[in-house]
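Colleague: I would like the atomic coordinates for the input below:
(2 chains)
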Amino acid sequence: MKKNNKSVGIIIDDLKERAKELNCLYEVQKLLNKPETTIKEICEGLLNAIPPGWQYPEICRVKIIYENSTYQSDDFKETRWVQNADIIIHDEVRGKISIYYIEETPRADEGPFLKEERKLINTIAEQVGLHILYQELKEVFHKQKKTTEQFKSDWWTILDFLKKTDTKLLIRISRKMLNYLCWSGIKEAEQLLVQFSPTYKNEIELLKEINRPYQYKTINDTLTFSDDIFKIASKHLSEKEIFNSIQKWIEEDKSGFLVNVLENPGSSISKISDSIERYHHLTQQGLELSQRREKGFRIALIRRLMNDQARFINIAKQYITVNDFNALLHKLIHPTYSYGKLGGKSSGLFLATQILKRSSCDNELLRNIKIPKTWYLTSDGILQFMTYNNLEDITEQKYKDVERVRQEYPYVIHVFKNSPFPPDIIKGLSLALDDFGDVPLIIRSSSLLEDQVGTAFAGKYKSLFVANQGTHEERLIALMDAIAEVYASTFGPDPIEYRIEHRLEDYHEEMGILIQEVVGTKVGHYFFPAFAGVAFRNNEFPWSSRIKRENGLVRIVPGLGTRAVDRLSSDYPILIAPGQPNLRVNVTLDEIVRYSPKEIDLINLKTGSFETLDLKTLFKEVGQEYPYINKIVSILKENQIHQPRGLGIDFEKNDLIVTFEGLIKNTPFLKQMQTILHVLSEKLETPVDIEFAFKGADLYLLQCRPQSYSEDSKPAEIPKDIPKEKIVFSANRFVSNAAVPDITHIVYVSPQKYGEITEHSDLIAVGRAIGKLNKVLPKRKFILMGPGRWGSRGDIKLGVSVTYSDINNTSMLIEIARKQKDYVPDVSFGTHFFQDLVEESIRYLPLYPDDSGIVFNENFLTTSKNIFPFILPDFAHLENTICVINVPELTNGLILQVLMNAEQQKAVGFMTKSAEVPET
Amino acid sequence: MNKKSYNPFEVAQKQFDRAADLLELDKASRDLLRNPLREYHFSIPVRMDDGSMNIFRGFRVQHNDARGPGKGGVRFHPQETIDTVRALAMWMTWKCTVVDIPLGGSKGGIICDPHNLSQLEQERLCRGWVRQIARNVGPLSDIPAPDVMTSAQHMLWMLDEYEAIHGTKNPGFITGKPVGMGGSLGRKEATGYGTIITVREALKELNINPEDTCASFQGFGNVSQFAIELYQQMGGKIICVSCWDQEDQTGYSYRKKDGIDLIELLNITDSFGGIDKTKAQELDYELLPGEAWIEQDVDILIPAALENQITADNATKISNRVKIIAEGANGPTTPEADKIIREHNIFMIPDLLANAGGVTCSYFEQVQSNSNYFWEKDEVLGKLDVQMTSAFIAISEFAKSKKLYMRDAAYVIAVNRVAQACSDRGWV
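Modeller: Numbering: from 1, shown residues only, chains lettered A, B, ... in the order given. Predicted coordinates:
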């Protein structure tokens, strides 16, 4: 990294110089944009605005000649150190801007001038030219409007004016009029078209085509054509229509440069960026585009920068304007000749932001949703980084054996972290850091594959926090270090394994980067948001039959959201369904306390690191300083838990339990969540999940993507043609998403036999036997099927008495609700250990064998060879109650597969050969 | 379902029959005590949050109130059955009588799963239960308390509804209330202290100086923690404590041969009695398997965790040195293990007695509430000591004189007292 340090110093000097130039340009724009300014005033203004942009402003003098007037700085004198740029309007030199140094200075690129100063003077001259052109045209239109009665003379005047000043524009307009006439079905125009353009031929003529070059017309010819065209026009169209058309086309012509840039797939992002900037200024000066053209721009930009899939474009085009891109491009870091994109995560967030912005006018709840300050690094940055450091070989990692990839990964990280970034990227990052200041940052991956394969892929790449403390240089180095590490994660074993498994290794992967301000508050020397989390449109883990999928699911934790995003088996987020906020997962005091978050992720500003702290310790340490604390914790006192009031927390003595009760009950937070999820899902036409954080009184959206499913919880496609004899069970109620492959053992506790047990000790023994089976059967390769409510206590004849440790190795927990007399008993939804099941991805499924249309192959379960007494001879007396079936042994190597699809509310468990889950 | 299935009420009746045989009870007494005096079954209509109505089934079973007002919890259970409630009501009668407090036995319940109900719905359900039974319960007739899936909050809703119906303040209607809202001090300590009071009395009887003893505990929750506190105050040494490790999903025993330090351990324990195993090892505790607590070479074993922990398998591993087992938990010993323990002549203090400190304190809460005068903690714990000590002496002497196993003695003495009360009242 040493090498970097040196270049950083120079770069910063360079940047200071660039900042001066930008300021100068800004001053010039300000002058031009002032309404009702005369050319004289502009020129005089420029005399003062220009020098600060040059390297030696004190000795810089300016002279401007425009038509017959000359303007110059106060103590102006001509010297030989001069730089000139012409003011050109309609291809005609109408004036000149000259910059003089009145003393000798060291030699630079162009005499004493820098090459950047050449660019700057050219830009200023061009802007002035454009401004004058616009003023002149405006004057013409203005005059026309005054004499509205005489449209004919009006538009003829314009055409005359163009004949003298801008023949190219005249030709383009004439051509457009001709096209317009032809589309309107005017015969004369069609004939004219043949002459105007030799390529116009009807089909018959094309057949007769002879082998000789076309005769091109001269400019003079075309000018005559122009007259012919407008004569025809005046016969068929109203005066007003002609006038309006010409006016529209002239306006549109001004944005023609943008069409060229955007339609050309070879245009670099800098080119696009310059053009959008120029377009932005034109719109500020009053340029108005037809809706169609604006739409064309929008779509082209979406395609180039975000995503070229039709579905995405169709949605995005409704919400993103060209000017939105202008703002985005100001925060876009890219290699000089970049053709990259934002990547999945960045595009998703950008689009979601715009949707919420546009929807907020008719929904109060969306009004205050904020987005953290974000900068983007284009997806091809990684390629440039690798080329710059000769790391191309690493792209071949994906063709290596996964084990080797795993072994080499630490090396890849090491190399990446010790490779310098190309100067143009460093420049961009440095600018971004100036913009951010010293707030902590999160560096997120935003890859192209995320778009391609859906979000199952997301989460395979790294996201890193940087504390962003210290000098500018230190911060820059830390930022680059983090980006390098995220880059390296592209070549990590997990994503590569995933790509190989899904035959995506040949797909071209690029990695965009999202640099986001961490939403949070400084508390002591810690930095964190009051709380954060993830929210899902569809609730895939209902804990009650009253919770519907569309009630959604929010996972909230205090501090950084990392603990809500990831599943941790040792700590728990608060789960809540925003559509059913009163139906809680945890109801008894014991559950509430046991499943409350115990730790917090935060950034320690002192050590500059991401840390996990014990919440109780933190509460004691920071006390009331913890933002929003009254909404986050409840006080546990004896056998009661209650919300704190006002100054009601004694941080020394009170036992604080994180419940978010205040947030849930006394704020519109959940309603807001539900609205966001609803609006985004509706507009994006797919259920979404979002990440959020809360700071002050504001909710921040951090990420938005189509609802993700971890690899094993995608809606499984259920084959239609499973032979009935292969099906062990099917279900059509309370089904969540999952594909549970490769089940080798079924543990079946017969509801009937269990119900017939007369001795309490035998009921207890069934639970103990299950606990023992849980230890000896292959982990996550067996399923437990049993009556009613697993984990019953007290009334254990209603379900097997087990604790979580007795079942924690199963891949599924199935509860069988058999009809008894006239009622079907309730199932438990795994209530007793619901959050443990969720965090460990153990699937839950209730079966209702007596429902119509349901398959329940009891015969297979009860008459197949039962290996239970062989595994646990001590419990052999329970062999009628507990059956353990070794599926491959019984079926010549078949396994049981359970496919569950929440969308269709269907699940099936069946014998199959293949261990592979069908692709969805 | 099938007729032939496990029925807790039948089990309770059989247990009663054995005691009745020993006492040679007459038919009328048997018929009266085999079944509840009164049962109430009712429907509770509840307006749900979405506007719809749901009808829940509620129960209150009053097994016997010959010795005083009925006392017993109200359970929320999704598959509650009347036989379970009957069995539990009967169990309450014996439990109150063993410690000789002037209360009878009751139990109640509602068939529901609170996981399917919002707080508001639960409140309406609680109030609905009281509305249906308000005339048949009360501080002088039948006193509910928290139980499975009901909490202090539910009790306060029920109390409020009861008082609204009767237009009076009746804090003695219900127990399990928070301190300051009619609850009693000393509740946390009561069960654990009660266990050790019985141990103290047992040691006296065996002529052993507590200071010369050491003990091993299963569980490090509320009961254990206070039991350890009092036992240490008596001069005893605790060598081993076991607890559940949430992270590893298994139990561990923590041993320190020269005695554990309670304060030190409490500092590294979560609110569920889980000891931090890393920190414990740093503090020089030996980390042993979960079952190791029972194999320790100690004088006293105190199972104070879950039911069915001492089984035929591990009962054989109990050291010959062990002289007393005090059941701090409910039903920690399986019948097979009980047989082994009995054969080894270990002094068994059965759960009915050893963990009766809890119900005794509930009684004190009710007494304080009725007089609307609340005692200091010392007074509560002092009275607890008196009550538990006399209860122990009565049972132990009964056991000695009748040559009964302590567990049987406790049961028989309870049945006998209730039968006597019924007869004194002229009911049989």
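Colleague: can you show me the strands along the stretch 751-900 of chain A?
Modeller: Using DSSP state E, counting those that start in this stretch, the strands of the stretch 751-900 of chain A run over A:782-787, A:812-816, A:843-847, A:882-886, A:895-901.
Colleague: do the same with the stretch 201-350 of chain A
Modeller: For the stretch 201-350 of chain A, the strands defined by DSSP E, counting those that start in this stretch cover A:332-333.
Colleague: nearest to chain B: which residue in it?
Modeller: Nearest residue of the stretch 201-350 of chain A to chain B (Cβ to the nearest Cβ) works out as residue A:345 at 32.8 Å. Any C-beta I mention is one placed from the backbone N, CA and C, and that applies to glycine too.
Colleague: if we can go back for a sec, to residue A:160, which of the strands of the stretch 751-900 of chain A lies closest?
Modeller: strand A:895-901 (70.9 Å; Cβ to Cβ).
Colleague: next, count neighbours for residue 169.
Modeller: In the absence of a named chain, this looks at chain A. Counted with other Cβ atoms under 10 Å in any protein chain shown, the neighbours of residue A:169 add up to 19.
Colleague: looking at chain B here, not the other one
Modeller: With other Cβ under 10 Å as criterion, residue B:169 counts 12.
Colleague: distance check, the closest residue to residue B:309 other than its chain neighbours against residue B:234.
Modeller: Spatial nearest neighbour of residue B:309, excluding adjacent residues (Cβ to Cβ, 6 or more residues apart in numbering or on different chains): residue B:332 at 4.6 Å. Distance of residue B:332 to residue B:234, given as Cβ to Cβ, to the nearest Å: 22 Å.
Colleague: same question for residue B:44.
Modeller: According to Cβ to Cβ, residue B:44 and residue B:234 sit 48 Å apart.
Colleague: who's more crowded, those two?
Modeller: residue B:44 (22 against 16).
Colleague: contacts only, for that one.
Modeller: Residues near residue B:44 by Cβ atoms under 8 Å, 6 or more residues apart in numbering or on different chains: B:55-58, B:110, B:125, B:128-129, B:131-132.
Colleague: what's the closest of those residues to residue B:173?
Modeller: So of the contacts of residue B:44, ranked by how close each gets to residue B:173 (Cβ to Cβ), first place is residue B:129, at 12.8 Å.
Colleague: next one: phi and psi at that closest one?
Modeller: Note on residue B:129: backbone dihedrals following degrees, to the nearest 10 are phi -60, psi -50.
Colleague: thought it was touching residue B:158?
Modeller: Yes. In this structure residue B:129 lies within contact range of residue B:158 using Cβ atoms under 8 Å: 6.9 Å.
Colleague: for the residue in the stretch 201-350 of chain B that chain A sits nearest to, what are its contacts?
Modeller: As assessed by Cβ to the nearest Cβ, chain A sits closest to residue B:249 within the stretch 201-350 of chain B, at 3.6 Å. Shown in contact with residue B:249 (Cβ under 8 Å, 6+ apart): A:804-805, A:808.
Colleague: so what's it scoring on pLDDT?
Modeller: Listed pLDDT for residue B:249 reads 78.
Colleague: and it, how close does it get to residue B:396?
Modeller: 40 Å.
Colleague: return the residues of the stretch 401-550 of chain A in contact with chain B.
Modeller: Proximity of the stretch 401-550 of chain A to chain B, by Cβ under 8 Å from any Cβ of the partner chain, involves residues A:543-546.
Colleague: which one (most neighbours) among those?
Modeller: Most surrounded of those: other Cβ under 10 Å gives residue A:543, at 27 neighbours.
Colleague: quick revisit: show me which of the contacts of residue B:249 neighbour chain B.
Modeller: Among those, the ones lying near chain B by Cβ under 8 Å from any Cβ are A:804-805, A:808.
Colleague: tell me who's in contact with the closest residue to chain B within chain A.
Modeller: Closest residue of chain A to chain B, Cβ to the nearest Cβ: residue A:582 (3.0 Å). Contacts here follow Cβ under 8 Å, 6+ apart; on that basis residue A:582 touches B:49, B:118-121.
Colleague: and of those, the nearest to chain A?
Modeller: residue B:118 (3.0 Å).
Colleague: distance of that closest one from residue A:539?
Modeller: As judged by Cβ to Cβ, residue B:118 and residue A:539 stand 16 Å apart.
Colleague: which one's more surrounded, these two?
Modeller: The neighbour count for residue B:118 versus residue A:539, taken as other Cβ under 10 Å, is higher for residue A:539 (22 against 19).
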